[in-house]
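A.B. asks: 3D, please:
(2 chains)
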Amino acid sequence: MNARAKTIAILFLLMTRSAVFAQKPQVQSVSPIKIGDRIGITCNLNDLFAPKIVGTIKSGLPALLNFDMRLHEEAGKEIWRGEQSWKILYDLWTEKYRLRTNAEEKFFDSFSGLEEFCRRFQSGSLLSQTYFQRDKKYRVRVQVIVIPINSRQKEQLRDILEASESGQESNPTESRRNSFSVNISQLISFFMSSKSLPEGASEWSESAAFRITEISP
Amino acid sequence: MQLIRTKSSLRKILLSLCFVLSAIANAQEQSGSLTVEDIEFIGLRRTRPAIITRHLTFEKGSAISPEIIEENYQRLLATNFFKEVIFSTRPGSARGKLIVVIEVRERVWPVLEFAGGFTELDGWYLSPLGIRAYNIFCSGQSLGLRMIIGDRVGGLNLNWHHPDLFASGIDFRLDIDGLGRDIIHYFDGREVLHHHETGVLRLSFSGHRGLGRYLTAGYSAGSVKPDSSAKFTANDSAFTTFPSIIQKDLGRKKVNSFWLSLQADTRDNTIFPRKGFWGAISVEAADREFGSEMQFTRWIFDARFFGSRNRRAVAALHLKAAKISDSAPYYERFYLGGANSLRGFPERSLTPVGWGTELLLGSFELRIPLSRRASFPPPLSAALFIESGAIGTPEQRINRDSFQYAAGFGVRLKLPLVGVLRMDFAYPLDKEDFKFHVSLGQTF
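C.D. replies: Residues are numbered from 1 along each chain as shown, chains lettered A, B, ... in the order given. So this is what the prediction gives:
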C-alpha cells in the first residue's frame, strides 16, 4: 500500500469512527396533524439507534425514546409543552421486540421492523383546537432523546442537585450530624458547558409556520 | 347440549389463562433472568477499574436489571470521581448473558463545594466555600479543606479519605478540626453560652469486606480550652462564677482517646428506610497512657428499627443508651433535649449542670408518605411521634422519675440541594408548652 492509499484508508477509518461515535438521532421533518377535533404532531426520524443503543436492546435491557414537544407562536412565545416516552425491550426468550407507548404496546419480529415503525413518530391527539386562534401562525418543535436502560441517565442536573441526599450515619461517639454538600464546580460547568446537547439527543427541529385552518388530517 | 357447555367452559378457562399469562408477561420485562458476563470500562485514563468496581453492587455472574443499573449509575456519580457516567450493555456469549459497558468522563481538577448542616452540639452551620480534590493518585483518595461558619461554631476542617488503604480493603479517614464553639449550659433555667477552643486530629479505620465491614476503630488526639467566662443569652451579661463541676475542667486540657465501634446496617434506604435495622455499639477510652490529661470510658448503644406492612406507612423505633465515667470532663458527657433527642424541649434544656453521665432515650415514629407520586423517597411525608428520655449524673442516677415524655407531629420535605428538610411540632406531656424544630434529615 503506498503512502497515498494509507492516508486515504486512515482518513476513511477516522471518518467512520467519528460517524459511529457521533451518531445522534436526527429529526428530518416535523408537522402538525389533525386527529378528529384535536391536534397532534408527526415527525420523521433518522439514525435513531446508535450502536450503543442497539447493543443494549439486543442484550435484553430496555432503551427509551423521549419526545419533547413544544408549541410556539410564530413570534417565538412558547404556549404549550409536552413529553412522550416510548420504551423498547427485546425479550431474549420469545425473540420479540416490544414497544410500549403511552397508549399501546406493539410487538415486532425483527429489529428493522421496529426501527421502521419508530422512524415515523405520531404523537396521537395532544391539543384541543381551542389553543389556537384562526388568524395566528404557529410552529411546533420536537427534540428526541434516546437513552440506554434508564431515563435517569439523562437527568444529570437532577443527580447533581440530589447528590447531597446520600445520607450516612455518623459514628455514635460523635454528635449526630445531618448535612448537605453541593459541588459548585459541577453546577457551574453544567450551566456553562459548551456541550449544548445531552448524549443521545437530536437537535431541536421546527415545523414551518402554520395556521390552524391549514392543518390537514 | 352438554358438549356446547363444556366447550364454552373450556373457552372461558383458556381466555382466563391467556389473560393471566398476558398479565404476567406485562409485569415481567423479560421471560428469563439476565446475568452479567463481564464489565467493560471506557474513558478510564487515571482511575484503576478496581476503584470503580468497589462502588458497584454487581459483579460478574450477578443478576442485572434496569433498577440495579440505575442504582449503580447514581452510586458512581455520587463518588464525584467522574463528570459523566453512562451505562449501556451489549449481548454476551450466550442468551441471557450480557456485558455491562460503563463509559465515564474523569474529573481532573479539584472542585469548589458549598455545604451546610445541623449538628446536635453546634446547631446550624454553613461552609460557604470549600475545596476538594477527588480521586487524587487515581485510587479514590480525596482531600478537602472547608471553612465552617455557624451561629455557635466557626473554624476550619481539613480531611483526607483513602477508601482502600494499602489495597487492604480498609477505609481510612483523617480529620483535623480547628474550631471555636459556643456550648450551651443551663444554670437555674437560664441559658448560658460558653466559648471553647478545640483542636482535634481524628483517625478512623473501617473495613469493606468480611467481618471488617462491621468494625470501625479510631484514635483521636486533641485539646479543649473552655473560656474562663461565659455569657447569659438573654442579656449578654458576663458570667464567671461557674459551678465547681465545670470550674475543675476549665483551662486547656489534652484529650486523647481510642475508640472501637461495632455496627450493622440492613436498611433498604438511608434517606427513607422502610425496613431494616441500623445499630451500633461503641466504646471510647481516654487515658494517661495515651497522653491524655482526661481519663474516661464511654459506652454508647444505639439501635434503629424500621418496618412497613404495606410499603407506605413506616413504623420506626429508636433506642439509645449511653454511659460515661464519672471522672469525664463535662464537655465529653451527654446532653438531652432538642431536635435530635427529646423534641418537646429546647436544645439541651434537660441537661443537668455539669452534663450527664448516663442517658436513656427511646422514640417511636410513624412516617406516612403524603405524595401520591410513585417517586421514592417521597417528596412530602408526615410523622407522628412519641418519645421519652432521661439523663443522670453521679449525684442523681436515672430512676423511674427521671423520665421526660414528649409527643408531636411533623412534616418532611425533600428539597433539591439540601435533601430532607424536617419540621417538628412537639409537646412535652407533663406541661402545657410546645417546641418547633427545623432540622435536616430524619430524626433517626
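A.B. asks: what score does residue 42 have for pLDDT?
C.D. replies: Using chain A. The confidence metric pLDDT takes the value 90 at A:Thr42.
A.B. asks: my bad, chain B
C.D. replies: pLDDT, B:Ile42: 92.
A.B. asks: wait, doesn't it sit right on B:Val104?
C.D. replies: Yes - the pair B:Ile42 and B:Val104 passes the contact test of Cβ atoms under 8 Å, sitting 7.3 Å apart. C-betas here are computed from N, CA, C, even on glycine.
A.B. asks: higher neighbour count, the two?
C.D. replies: B:Val104 (21 against 12; other Cβ atoms under 10 Å in any protein chain shown).
A.B. asks: which residues does the more buried one bridge with?
C.D. replies: Per DSSP bridges, the residues bridged to B:Val104 are B:Val85.
A.B. asks: tell me the contacts of it?
C.D. replies: B:41-44, B:47, B:52, B:76, B:81-82, B:84-86 (Cβ atoms under 8 Å, 6 or more residues apart in numbering or on different chains).
A.B. asks: in helices, which of those fall?
C.D. replies: Judged by DSSP state H, the subset of these located in helices is B:52, B:76.
A.B. asks: out of the contacts of B:Val104, who's nearest chain A?
C.D. replies: B:Ile86 (6.1 Å; Cβ to the nearest Cβ).
A.B. asks: next, count neighbours for that closest one.
C.D. replies: That count, for B:Ile86 with other Cβ under 10 Å as the rule, works out to 22.
A.B. asks: tally up the residues packed near the residue nearest to it when sequence neighbours are not counted, please.
C.D. replies: Nearest residue to B:Ile86, sequence neighbours excluded (Cβ to Cβ, 6 or more residues apart in numbering or on different chains): B:Glu103, at 4.5 Å. By the criterion of other Cβ under 10 Å, B:Glu103 has 18 neighbours.
A.B. asks: got the contact list for B:Glu103?
C.D. replies: Here B:Glu103 is in contact with B:41-43, B:85-88 (criterion: Cβ under 8 Å, 6+ apart).
A.B. asks: at 7 Å instead, please
C.D. replies: B:42-43, B:86 (Cβ atoms under 7 Å, 6 or more residues apart in numbering or on different chains).
A.B. asks: now those residues as a markdown table including distance to B:Ala316?
C.D. replies: Output for the contacts of B:Glu103, formatted as a markdown table (distance: Cβ to Cβ, whole Å):
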| residue | distance to B:Ala316 |
| --- | --- |
| B:Ile42 | 42 |
| B:Gly43 | 41 |
| B:Ile86 | 37 |
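A.B. asks: spatially central residue for the chain, please.
C.D. replies: Answering for chain A, as no chain was given. Nearest to the mean C-alpha position of chain A, counting by Cα atoms, centre = their mean, stands A:Ile145 at 1.3 Å.
A.B. asks: switch to chain B, please.
C.D. replies: Taking Cα atoms, centre = their mean as the criterion, B:Thr270 is the residue nearest the geometric centre of chain B, at 7.5 Å.
A.B. asks: please tell me how far the residue in chain B that chain A sits nearest to sits from A:Leu187.
C.D. replies: Going by Cβ to the nearest Cβ, chain A is nearest to B:Gly117 of chain B, at 2.8 Å. Per Cβ to Cβ, to the nearest Å, B:Gly117 is found 19 Å from A:Leu187.
A.B. asks: who's more crowded, those two?
C.D. replies: B:Gly117 (23 against 17).
A.B. asks: which residues touch that one?
C.D. replies: Neighbours of B:Gly117 in contact, by Cβ under 7 Å, 6+ apart: A:177-180, B:125, B:440.
A.B. asks: please repeat the previous calculation with a cut-off of 8 Å.
C.D. replies: B:Gly117 touches A:177-180, B:124-125, B:440, counting by Cβ under 8 Å, 6+ apart.
A.B. asks: circling back to that earlier point, select, from the contacts of B:Val104, the two members most distant in space.
C.D. replies: Farthest-apart pair in the contacts of B:Val104 is B:Thr47 and B:Ile86; separation 15.5 Å (Cβ to Cβ).
A.B. asks: what segments of the stretch 1-150 of chain B are strands?
C.D. replies: B:35-42, B:82-91, B:97-106, B:111-119, B:123-136, B:141-150 (DSSP state E, counting those that start in this stretch).
A.B. asks: quickly note the distance from whatever residue of chain A ends up closest to chain B to B:Ala316.
C.D. replies: Closest residue of chain A to chain B, Cβ to the nearest Cβ: A:Ser179 (2.8 Å). According to Cβ to Cβ, A:Ser179 stands 21 Å off from B:Ala316.
A.B. asks: and what of B:Gly218?
C.D. replies: Applying Cβ to Cβ, the value for B:Gly218 to B:Ala316 is 28 Å.
A.B. asks: mind checking pLDDT for residue 15?
C.D. replies: The chain I'm using is chain A. 46.
A.B. asks: switch to chain B, that's the one I care about
C.D. replies: Value for B:Leu15, per-residue pLDDT: 46.
A.B. asks: still on that earlier bit, just list whatever residues bridge to the residue of chain B closest to chain A.
C.D. replies: In beta-bridge terms (that is, DSSP bridges), B:Gly117 pairs with A:Ser179, B:Tyr125.
A.B. asks: what does the stretch 301-444 of chain B put close to chain A?
C.D. replies: B:301-302, B:340, B:377, B:414, B:416-420, B:439-441 (Cβ under 8 Å from any Cβ of the partner chain).
A.B. asks: just these now: which is nearest B:Asp151?
C.D. replies: For these, the nearest to B:Asp151 is B:Ser439 (13.5 Å; Cβ to Cβ).
A.B. asks: what's the closest non-adjacent residue to the closest one?
C.D. replies: In space, and not counting its chain neighbours, B:Ser439 is closest to B:Ala339: 4.2 Å by Cβ to Cβ, 6+ apart.
A.B. asks: hmm, B:Phe118 and the one you found touching each other?
C.D. replies: Yes - taking contacts as Cβ under 8 Å, B:Ala339 lies within contact range of B:Phe118: 7.2 Å.
A.B. asks: and the residue nearest to the centre of chain B, that's in a helix?
C.D. replies: No - counting by DSSP: H, G, I helix; E, B strand; the rest coil, B:Thr270 falls outside a helix, being coil.
A.B. asks: any idea how far B:Thr351 is from it?
C.D. replies: B:Thr270 is 29 Å from B:Thr351, by Cβ to Cβ.
A.B. asks: for B:Gly419, same thing?
C.D. replies: 28 Å.
A.B. asks: now do B:Thr89
C.D. replies: 56 Å.
A.B. asks: what of A:Ile88?
C.D. replies: 61 Å.
A.B. asks: ditto for B:Val200
C.D. replies: For B:Val200, the distance to B:Thr351 - Cβ to Cβ - is 22 Å.
A.B. asks: which residues does the residue nearest to A:Pro25 when sequence neighbours are not counted contact?
C.D. replies: Spatial nearest neighbour of A:Pro25, excluding adjacent residues (Cβ to Cβ, 6+ apart): A:Ser202 at 4.2 Å. Listed by Cβ under 8 Å, 6+ apart, the contact set of A:Ser202 reads A:24-27, A:45, A:143-145.
A.B. asks: these in strands, which ones?
C.D. replies: The strands, defined by DSSP state E, take in A:26-27, A:45, A:143-145 from the contacts of A:Ser202.
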